[in-house]
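Chemist: The following block contains a protein sequence and its predicted model.
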2 protein chains.
Amino acid sequence: MIAPPRVGSEGGRLSGADRRFLARAIECGRSGWGRVHPNPMVGAVIVRGDEVLGEAFHAAYGGPHAEVSALAAVDNARGATLYCSLEPCNHHGKTAPCTGAILAAGVARVVFWAAEPGMEERGGAEWLCSRGLVVDGPFGKPSEWAAENPVFFHSASGGGPYLALKLAVSVDGRIAPPGGKRVWLTGEASRREVHRLRAGFDAILVGSRTWEADDPMLTVRGAVVPRVPPVAVLLDRCGRASPGLRALRRRSGPRPVVATAPDRAGDLDRALSGCADVVAVPVRGAGLDLAVLLEALGERGVTSVLCEGGGVLAASLLREGLVDRLYLLVAPVVIGERGVPAFPMGEPEERAPEAFRFKGWQSVIGPSRFGNDTLIVLDRGD
Amino acid sequence: MIAPPRVGSEGGRLSGADRRFLARAIECGRSGWGRVHPNPMVGAVIVRGDEVLGEAFHAAYGGPHAEVSALAAVDNARGATLYCSLEPCNHHGKTAPCTGAILAAGVARVVFWAAEPGMEERGGAEWLCSRGLVVDGPFGKPSEWAAENPVFFHSASGGGPYLALKLAVSVDGRIAPPGGKRVWLTGEASRREVHRLRAGFDAILVGSRTWEADDPMLTVRGAVVPRVPPVAVLLDRCGRASPGLRALRRRSGPRPVVATAPDRAGDLDRALSGCADVVAVPVRGAGLDLAVLLEALGERGVTSVLCEGGGVLAASLLREGLVDRLYLLVAPVVIGERGVPAFPMGEPEERAPEAFRFKGWQSVIGPSRFGNDTLIVLDRGD
């Protein structure tokens, strides 16, 4: 938290208690994962002195904002301080502006973490300040805000869907033993975490080797039930997918998408007989043009994609600079040199080791442990 | 913390406050890293009601124990609770037994985490209990105690030196680009952490490819100044080391050790002309017999060894089951398939993926982030 405050009659200096309550607001916000995207996860805590009067998080897309829910949970917020993880909105959208509710409740001070990026929604801090409230914020760096709310900040900056790549790897960077047979490298706790992650994305993408080898369901089967189940997206350059695939036999949720080369689209559409939408994507190099695919998904309303491999697709996405975040689950396992590499990306120049891939990638959150596995999260640098 | 208490008139049930203070005692103890080994790191916190009256850690090998230092920091401990990370000793060693000091101070209750493993030192809990104190402990699992104080618990169970292997790897499990040229994969924060780790070991071991390629100093150059600088141990099967190596030119600290094959020992001893102790170790396979080397180091008083690579030595140590702990620093870098592998261990059977190496290894502490790098700590399972 080092950026100077944009607003702030206390000079933006935060006490230890301020920092704790702000951290708590951020933590509260995380409970919205899977239920609010592409809206932001936001938490709010109302405090008088050292006492927490109430707290809340933005719990449902289109539902009340965290600030309003927190105010509703408190008998009397007069003279209290409101901590929130995002600048209160100043805009009539799906709900009335938070700023008005905060003013009406008699809150004396607002401390917020991330600046509102939306052109329409921003301005809340100035508005409250001009009404006589003490307003402190924003704090922290844009890369930290984006790490906490990646899809929201990515969407706010325009461009296509946000793409996260999840790979479960051995300590020697393999995703499967020789031959590519499906093996659980990671443990039960990691698999639960993957289901939790899936709940926060609009689409789950896999390459052809992965669905051919594993026949995954690509559904969310965890504690967090997503607001809208993510759409399964299968790459199928050669048009080999069949209606018997588990990802295509889903009874509920959005229709899966199978992306194929233009000259295969007609046959594949007939073969799949309506159990998936076939999307034709131009061929580029040995595979489909992934940037075009992402664009096509964006046009279908997809704001975020979680790619779950395999290695060939992962390498293509990385090589083409399409990966915004890498979720790397490292299992305490060695597979050996003949195993299937997670990063079959070709070689850097021997004389130019600075040409290593991932240069500039940042570790902004975590790491965390899931059983014996470690989750490393890397975000693309600015 | 799930093991039933051995002693404990409150049935071993810990309140939330108990757990917090016990965690604080463990945390305090960590400040002894590098200054007390092979003695344990121990912390103690004295509390009355919710107020911390004083805290301390075992700060110097042979110096006062944490419990006694904490009591000395408190005006009046009568009726207070003492939290400590290890069962108070009941033994006249380098210092008087802690149990007597605790009784004399009028402490009403003792809560401890790990059971004292030493045959002479143990019995403190029973002794205090028999004198009328409320005593709760031990809590937690032996694997957790050992994770916190690995060298101490390893030494207590007998056997040769404790061996930890540190490798800095890319996300694809490489330690260097093609050709093996030295490259900093990890960042400054990780390098500081490596110097901190070194301070807690009696010896730093490297293989011949590492000192030939990198000419490392193998000294501790960080914030923690070790009680005794670790001895540098170089593997040199072929007897090629020269007095010009930086690890052999140290002016202070213990004399380095160069391990070589018996038929090279005489020539090498002459070539090094007294700047290192040459130790002859039988050849086994393509290298030296590492178990015999560890035994020889143990006879020289070494209780713990940090091996810093390279990959060939790491693989041999792992293959022979000599590694007690793996410190894996993962840098956000991809090197590619032709890079130098961290685990050149040969292949598992294609049909027996359960034969993967590291089976049963546990992630008991961490992970932690150092800059953009992630430190994963794996302990050998029981």
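Modeler: Perfect, I can see it now. If you're wondering where the values come from, they're calculated on a predicted model, not measured in any experiment.

Chemist: Now the closest residue to chain B within the stretch 201-350 of chain A, what are its backbone angles?
Modeler: Residue nearest to chain B within the stretch 201-350 of chain A: residue A:334 (3.8 Å; CB to the nearest CB). Every residue, glycine included, has its C-beta placed from N, CA and C. When quoted as degrees, to the nearest 10, the phi and psi of residue A:334 stand at phi -110, psi 130.

Chemist: show me the contacts for the residue nearest to it when sequence neighbours are not counted.
Modeler: Distance criterion CB to CB, 6 or more residues apart in numbering or on different chains; nearest residue to residue A:334, sequence neighbours excluded, is residue B:357 at 3.8 Å. Applying CB atoms under 8 Å, 6 or more residues apart in numbering or on different chains to residue B:357 gives the contacts A:333, A:334, B:318, B:343, B:345, B:348.

Chemist: got a list of contacts for stretch A:214-221?
Modeler: A:34, A:182, A:195, A:198-199, A:204, A:206, A:210, A:226, A:229-230, A:232, A:245-247, A:250, A:253, A:256, A:308.

Chemist: where's it relative to the chain centroid, distance-wise?
Modeler: Mean-position distance between stretch A:214-221 and its chain equals 19 Å (CA atoms, centre = their mean, to the nearest Å).

Chemist: Over to stretch A:48-55?
Modeler: On the basis of CA atoms, centre = their mean, stretch A:48-55 sits 30 Å off its chain's mean C-alpha point.

Chemist: can you map out the helices along the stretch 101-250 of chain A?
Modeler: Ranges of helices in the stretch 101-250 of chain A, per DSSP state H, counting those that start in this stretch, are A:124-130, A:142-148, A:150-156, A:188-198, A:208-214.

Chemist: buried ones in stretch A:215-227?
Modeler: The neighbour-count check on stretch A:215-227 (16 or more other CB atoms under 10 Å in any protein chain shown) flags A:216, A:218, A:219, A:220, A:222, A:224, A:226, A:227 as buried.

Chemist: Then stretch A:151-171?
Modeler: A:151-156, A:160-171.

Chemist: same deal with stretch A:255-271?
Modeler: The neighbour-count check on stretch A:255-271 (16+ other CB under 10 Å) flags A:256, A:257, A:258, A:259, A:260, A:261, A:264, A:265, A:268, A:269, A:271 as buried.

Chemist: same question, stretch A:101-121
Modeler: So for stretch A:101-121, counting by 16+ other CB under 10 Å, buried means A:101-103, A:105, A:107, A:109-118, A:121.

Chemist: before we move on, the earlier item: run a quick neighbour tally on the residue of the stretch 201-350 of chain A closest to chain B.
Modeler: 24 (other CB atoms under 10 Å in any protein chain shown).

Chemist: which residues touch it?
Modeler: So residue A:334 contacts A:170, A:171, A:172, B:318, B:343, B:345, B:356, B:357, B:358 (CB under 8 Å, 6+ apart).

Chemist: for chain B, what are the nearby residues on the stretch 101-250 of chain A?
Modeler: Contacts of the stretch 101-250 of chain A with chain B, taken as CB under 8 Å from any CB of the partner chain, map to A:169, A:170, A:171, A:172, A:173, A:174, A:177, A:178, A:179, A:181, A:183.

Chemist: The last one reaches residue A:177, doesn't it?
Modeler: It refers to residue A:183. Yes - using CB atoms under 8 Å, residue A:183 makes contact with residue A:177 at a distance of 5.9 Å.

Chemist: With neighbour numbers in mind, choose between the two.
Modeler: Shown here are residue A:183 and residue A:177; by other CB under 10 Å, residue A:177 has more neighbours (26 against 20).

Chemist: wait, what's in contact with residue A:167?
Modeler: Per CB under 8 Å, 6+ apart, neighbours of residue A:167: A:175, A:308, A:309, A:311, A:314, A:326, A:327, A:328, A:329, A:342.

Chemist: In strands only, show me these.
Modeler: A:175, A:326, A:327, A:328, A:329 (DSSP state E).

Chemist: For the longest helix seen in chain A, could you pull out the residues that count as buried?
Modeler: For chain A, the helix that runs over the most residues, judged by DSSP state H, is helix A:16-29. In terms of neighbour count (16+ other CB under 10 Å), helix A:16-29 has its buried residues at A:18, A:21, A:22, A:23, A:24, A:25, A:26, A:28, A:29.

Chemist: List phi and psi for residue A:377.
Modeler: The phi/psi pair for residue A:377 (degrees, to the nearest 10) is phi -110, psi 120.

Chemist: Name the nearest residue to it, ignoring sequence neighbours.
Modeler: residue A:366 (4.8 Å).

Chemist: Check what pLDDT the one you found gets.
Modeler: pLDDT, residue A:366: 88.

Chemist: Equivalent analysis for residue A:252, please.
Modeler: Per the predicted model, pLDDT is 81 at residue A:252.

Chemist: Which residue is the nearest non-sequential neighbour of it?
Modeler: residue A:229 (7.1 Å).

Chemist: From residue A:247, how far off is the closest residue to residue A:341 other than its chain neighbours?
Modeler: Distance criterion CB to CB, 6+ apart; nearest residue to residue A:341, sequence neighbours excluded, is residue A:311 at 5.6 Å. To residue A:247, residue A:311 is 19 Å away according to CB to CB, to the nearest Å.

Chemist: ok, now residue A:192?
Modeler: 20 Å.

Chemist: Just want to know which of the two has more residues nearby.
Modeler: Per other CB under 10 Å, whichever of residue A:192 and residue A:247 has more neighbours is residue A:247, with 22 against 16.

Chemist: Can you name the residues that contact the more buried one?
Modeler: Going by CB under 8 Å, 6+ apart, residue A:247 touches A:206, A:211, A:215, A:216, A:217, A:218, A:232, A:234, A:256.

Chemist: ok, now with 10 Å
Modeler: Contacts of residue A:247 were listed using CB atoms under 10 Å, 6 or more residues apart in numbering or on different chains, and they are A:204, A:206, A:211, A:214-219, A:232-234, A:241, A:256, A:258, A:275-276.

Chemist: ends of stretch A:91-110, how far apart?
Modeler: 17 Å (CA to CA, to the nearest Å).

Chemist: do stretch A:144-158 as well
Modeler: 18 Å.

Chemist: Now that stretch: average pLDDT?
Modeler: Here stretch A:144-158 scores 92 as its mean pLDDT.

Chemist: and if you look at stretch A:63-79?
Modeler: 96.

Chemist: So which bits of it are buried?
Modeler: Across stretch A:63-79, burial judged by 16+ other CB under 10 Å covers A:64, A:65, A:66, A:67, A:68, A:69, A:70, A:71, A:74, A:77.

Chemist: same check, this time on stretch A:242-256
Modeler: Neighbour count says stretch A:242-256 has A:245, A:247, A:248, A:250, A:254, A:256 buried, by 16+ other CB under 10 Å.

Chemist: Would you check which pair of these lies furthest apart?
Modeler: A:245 and A:254 (15.8 Å; CB to CB).

Chemist: mind listing what residue A:59 touches?
Modeler: A:31, A:32, A:35, A:36, A:41, A:42, A:65, A:66, A:69.

Chemist: Look up how far chain B lies from it.
Modeler: According to CB to the nearest CB, to the nearest Å, residue A:59 and chain B sit 27 Å apart.

Chemist: is it true that that residue lies in a helix?
Modeler: No - counting by DSSP: H, G, I helix; E, B strand; the rest coil, residue A:59 falls outside a helix, being coil.

Chemist: Quick check: phi and psi at it.
Modeler: Torsion angles at residue A:59 (phi, psi; degrees, to the nearest 10) stand at phi -100, psi -20.

Chemist: And residue A:318, by the same measure?
Modeler: Phi and psi for residue A:318, reported as degrees, to the nearest 10, are phi -70, psi -50.
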